[in-house]
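> Build me a model:
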Amino acid sequence: MMNIKMNIQYDGTDYSGWQVQKKRKTVQGEIEKRLKRILQEDIKLKGASRTDAGVHALGQTANFIIEGKGVSLRDLQHSLNSMLPEDIVVSGIMKKGKAFNARYDAKSKIYEYRLLNRKYREVLGRNYYWHVWEKLDWGKIKKAAGYLKGKHDFTAFSSTGSPRKNNFCTLKRLDVKKEGSLYKIVLEADFFLYRMARNMVGFLVETGRGRIEPEWVKTVVKKGKIDKIYETAPARGLCLIKVKYGK
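All right, here's what the predicted structure looks like:
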């Protein structure tokens, strides 16, 4: 038997997320269908991250096990990419030890959220950022982001439906990078709760609008809930950049 790891990139605009769903087009489903055609056996991908509908990826990883040993990985990658739709590509493929699991062996995941902060939106790239036209106080946003870093109970930033019982995770990075009117919010954590990254960005934007004070973050993570209503950042601005393995 052979355990194969793949690195995958995709534009999530037209997909109902990564994970297979009945009667819905998903990234996992599209890849599994092509693998079955090529390998003539049912394939079940184990993805590192179950990205939501509309979320993109430049660094998704997945693994699967096949019966044969004589498969050429280079030919498999070429065949897959020739059959997959243009918004999905396998950017890397390699053999791993039989115990490797793309999801459970991941040490951390890095997401990037793109936000365009100016009066007017752009036509090109509109599927890859959230347009916020109000002037935001980025000083307050960065201050609030500093309070979020570290190990906390992030229940307050998890949407209903999260499969995890333990909501304590470690937010290793929450950085803001500015490129003109485009802001990139980089988040790295050992794991993310359901919609945690998007809820967190929405919360930070409310801080930048002046509706929430940065210091209130400390109360939120302590209580494990948010008493005020805030906007969840749309999926189109979020991209899975990298999944880290090893130490």
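> Can you list the low-confidence ranges for the protein?
Flagging of the chain using pLDDT under 70 yields the residue ranges 69, 160-165, 227-229, 247.
> Could you say which helix or strand holds the residue located most distally from the centre of the chain?
Computed with C-alpha atoms, centre = their mean, the maximum C-alpha offset from the centroid of the chain is found at Gly70, amounting to 33.4 Å. Using DSSP states H and E, Gly70 sits in no helix or strand.
> contacting residues for it?
Contacts for Gly70 (C-beta atoms under 8 Å, 6 or more residues apart in numbering) come out as none. C-beta coordinates here come from the backbone N, C-alpha and C atoms, glycine included.
> How about the one 3 residues further on?
Taking C-beta under 8 Å, 6+ apart as the criterion, Leu73 is in contact with Ile4, Ile93, Met94, Lys95.
> Could I get the buried residue list for stretch 102-117?
By 16 or more other C-beta atoms under 10 Å, the buried positions in stretch 102-117 come out as 102, 105-106, 108-117.
> Also stretch 115-124?
Buried, per 16+ other C-beta under 10 Å, within stretch 115-124: Leu115, Leu116, Asn117.
> Tell me the one of these nearest Gly208?
Asn117 (8.3 Å; C-beta to C-beta).
> how about Asn127, phi and psi?
phi -90, psi 10 (degrees, to the nearest 10).
> that older thread, format the buried residues of stretch 102-117 as JSON lines; extra columns: secondary structure and distance to Thr26.
Output for these, formatted as JSON lines (DSSP: H, G, I helix; E, B strand; the rest coil; distance: C-beta to C-beta, whole Å):
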{"residue": "Ala102", "secondary structure": "coil", "distance to Thr26": "16"}
{"residue": "Asp105", "secondary structure": "coil", "distance to Thr26": "22"}
{"residue": "Ala106", "secondary structure": "coil", "distance to Thr26": "20"}
{"residue": "Ser108", "secondary structure": "strand", "distance to Thr26": "24"}
{"residue": "Lys109", "secondary structure": "strand", "distance to Thr26": "19"}
{"residue": "Ile110", "secondary structure": "strand", "distance to Thr26": "22"}
{"residue": "Tyr111", "secondary structure": "strand", "distance to Thr26": "19"}
{"residue": "Glu112", "secondary structure": "strand", "distance to Thr26": "22"}
{"residue": "Tyr113", "secondary structure": "strand", "distance to Thr26": "22"}
{"residue": "Arg114", "secondary structure": "strand", "distance to Thr26": "23"}
{"residue": "Leu115", "secondary structure": "strand", "distance to Thr26": "26"}
{"residue": "Leu116", "secondary structure": "strand", "distance to Thr26": "28"}
{"residue": "Asn117", "secondary structure": "strand", "distance to Thr26": "32"}
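> Now for those residues: which two are most distant?
Largest pairwise distance in those, by C-beta to C-beta, is 37.0 Å, between Asp105 and Asn117.
> Tell me the spacing between Lys46 and Pro85.
Distance, Lys46 to Pro85, using C-beta to C-beta, to the nearest Å: 21 Å.
> So for these two, which residue has more residues nearby?
Per other C-beta atoms under 10 Å, whichever of Lys46 and Pro85 has more neighbours is Lys46, with 18 against 14.
> isn't the more buried one right next to Asn63, touching?
Yes: under the criterion of C-beta atoms under 8 Å, Lys46 makes contact with Asn63 at 5.3 Å.
> Overlap of the contact sets of those two?
Asn101, Ala102.
> I'd like to know how far Lys23 sits from Asp175.
Taken as C-beta to C-beta, the span from Lys23 to Asp175 is 39 Å.
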